[in-house]
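Chemist: okay, sequence plus prediction incoming.
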Amino acid sequence: MSYTDPEEIKSAVDKAETAIMTAFEQFKAKNDARLAAVEKKSREARESADRIEVAMARIPGAARDRGPATTTLETKAFTTFIRQGREALGPDEMKSLVVSDDSRGGYLAPAEFSREVDKNIVQFSPIRQAARVSTTASGSVIIPRRTGAPNAGWVGETEPRPEAQPAYGQITIPVSEAAAYIDISNTLLEDGAVDIGAEVAFDLGEEFGRIEGAAFVNGNGVKRPQGILNDSAVASIPSGNATLVSADSLIDLFYALAPFYRQRGAWLLNGKTLAAIRKLKDGDGQYLWQPGLAAGQPETILGRPAIEAVDMPDVAANAYPIVFGDFASGYRIYDRTILSLLRDPYSQATNGLTRFHARRRVGGGVVRAEAMCKMKIAAA
């Protein structure tokens with residue numbers, strides 16, 4: 001078919017372009033859907049592998065039976081650094097490591113090493129499981145927040161309109177530094193059969209997890225995160241009894257929150273308090289708490305999950321043994337620096353040990369106090 005009229009030619013070109021774009025969009029949509037499905041399956045597989053790995057790590061001896069694993073040049077170089085020091089690294093290995101000067105902590109751990117430490121931290125710092133965790137490149141994080149709602153009102157046809165005056169403020173969360181060191185025997189470093197990276201990761205993960213878990217609960221904000229219990233903006237209600245927790249007080253605490261937070265809430269308490277709640281009975285001697293029996297389903301209190309935190313106080317007069325709230329909305333954790341490690345083969349050489357200095361920077365604080373509520377053991 002031939003065209004002589006310019007308008008016909010333009011119309012034919014437009015139709016062809018439209019047909020081509022339509023076909024392209026259909027092709028792209030189909031492939032985007034396939035790619036999204038592949039990425040979802042890959043993500044689920046990684047998450048499943050991580051869960052299996054954490055579970056296996058809790059079995060004594062399991063970590064040593066994993067067999068050889070493929071490693072990146074960076075991971076191989078970092079393992080060589082741990083075992084033998086910087087002097088044993090080849091030129092390519094030196095280039096593969098991210099380096100900072102000694103005043104800032106020596107070599108930064110590779111991603112694989114840092115992820116292993118983070119898994120261990122979750123085991124010892126349970127609030128990380130519930131709070132919102134982000135990263136930052138600053139020494140402190142400023143979060144703008146509206147502190148007052150606009151004051152709209154009903155008016156007549158010719159009456160003056162009120163001025164909307166919403167108030168705004170800000171919350172500042174400083175990022176604090178946590179530091180620790182561990183001593184490893186030179187014999188262990190020389191033993192190629194031992195996964196020394198996993199050993200160092202577990203020790204550091206346990207130590208950093210222990211101190212940050214305590215800070216997220218009870219920290220005073222001085223050189224450490226501000227803990228939930230030490231933030232005066234978080235409201236509290238009395239238990240109704242000076243020495244114990246009652247079923248009625250749990251219900252009062254549950255309904256002290258707005259519905260939005262209540263429906264997303266969780267209980268934060270230690271094992272002794274959990275045991276006390278499980279022993280609550282009705283007038284006929286029947287236990288009030290019926291634990292979940294379905295596989296994979298967590299035990300709940302009033303339908304919401306319980307998070308066991310060893311740093312929460314026991315039930316005692318004037319103590320705050322239980323917090324109920326939406327921790328993802330109410331508490332933020334900011335990681336500033338991944339784990340950095342400095343190898344010191346000299347200070348403990350006479351004892352046959354090599355010392356590893358580790359540091360990381362983390363901040364935490366309450367950003368929405370109304371999302372949480374504490375129970376105080378008191379009659380009124």
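Modeler: Yep, it's here. Computed from a predicted structure; not experimentally measured.
Chemist: what mean pLDDT does the helix or strand where Asp92 lies have?
Modeler: When elements are assigned from DSSP states H and E, Asp92 belongs to helix 91-96. Mean pLDDT, computed over helix 91-96, is 66.
Chemist: any idea how this structure splits into domains?
Modeler: Per automatic domain parsing, the structural domains of the chain span 26-56, 73-146+168-380.
Chemist: so where's this protein shaky on pLDDT?
Modeler: Per-residue confidence for the chain (pLDDT under 70) gives these ranges: 1-6, 8-9, 13, 38, 42-72, 83-84, 86-88, 93-123, 192-194, 290-298.
Chemist: ok, 90 please
Modeler: By pLDDT under 90, the low-scoring segments of the chain are 1-126, 128-129, 135-171, 180-210, 278-303, 336-346, 354, 356-360, 379-380.
Chemist: assign the most centrally placed residue in the chain to helix, strand or coil.
Modeler: Taking C-alpha atoms, centre = their mean, the centroid of the chain lies closest to Arg128, which sits 3.5 Å from it. Assigned with DSSP: H, G, I helix; E, B strand; the rest coil, Arg128 falls in the helix class.
Chemist: likewise for Gly205?
Modeler: When classified by three-state DSSP, Gly205 comes out as helix.
Chemist: swap in Asp284?
Modeler: Going by three-state DSSP: Asp284 is coil.
Chemist: how near is it to Leu35?
Modeler: 58 Å (C-beta to C-beta, to the nearest Å). C-beta coordinates here come from the backbone N, C-alpha and C atoms, glycine included.
Chemist: what about these two, which has more around it?
Modeler: Leu35 (10 against 5; other C-beta atoms under 10 Å).
Chemist: can you say which helix or strand has the more buried one in it?
Modeler: helix 6-57.
Chemist: ok, then the element right after that helix?
Modeler: That would be, after helix 6-57 and using DSSP H and E, helix 73-84.
Chemist: which parts of that next one are buried?
Modeler: By neighbour count on 16 or more other C-beta atoms under 10 Å, the buried set for helix 73-84 is 74-75, 77-83.
Chemist: Throw the residues you listed into CSV and include distance to Thr243, thanks.
Modeler: Converted to CSV, the buried residues of helix 73-84 look like this (distance: C-beta to C-beta, whole Å):
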residue, distance to Thr243
Glu74, 56
Thr75, 54
Ala77, 58
Phe78, 53
Thr79, 54
Thr80, 58
Phe81, 55
Ile82, 51
Arg83, 55
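Chemist: right, and Glu212 touches Val133 too?
Modeler: No - judged on C-beta atoms under 8 Å, Glu212 makes no contact with Val133 at a distance of 11.2 Å.
Chemist: neighbour count winner among these two?
Modeler: Glu212 (24 against 18).
Chemist: quick one: the host helix or strand of Phe202 to helix 73-84, angle?
Modeler: Here Phe202 sits within helix 196-218, counting by DSSP H and E. On the basis of axes from the mean of the first three to the mean of the last three C-alpha atoms, to 10 degrees, helix 196-218 is oriented at 90 degrees to helix 73-84.
Chemist: list the buried ones in helix 196-218?
Modeler: 196-205, 207-218.
Chemist: quick revisit: closest one to Tyr168 out of the buried residues of helix 73-84, please.
Modeler: Nearest to Tyr168 among those: Glu74, at 44.3 Å, using C-beta to C-beta.
Chemist: tell me the spacing between the closest one and Ile82.
Modeler: 13 Å.
Chemist: same question, Ala33
Modeler: Separation of Ala33 from Ile82 (C-beta to C-beta) stands at 45 Å.
Chemist: same question, Val245
Modeler: Plainly put, Val245 is 47 Å away from Ile82 if you go by C-beta to C-beta.
Chemist: cool, and Leu253?
Modeler: The gap separating Leu253 from Ile82 is 47 Å, by C-beta to C-beta.
Chemist: and what of Asp311?
Modeler: 31 Å.
Chemist: tell me the contacts of Ile228?
Modeler: Residues counted as contacts of Ile228 (C-beta atoms under 8 Å, 6 or more residues apart in numbering) are 127, 216-217, 234, 268, 323, 330-331, 366, 372, 374.
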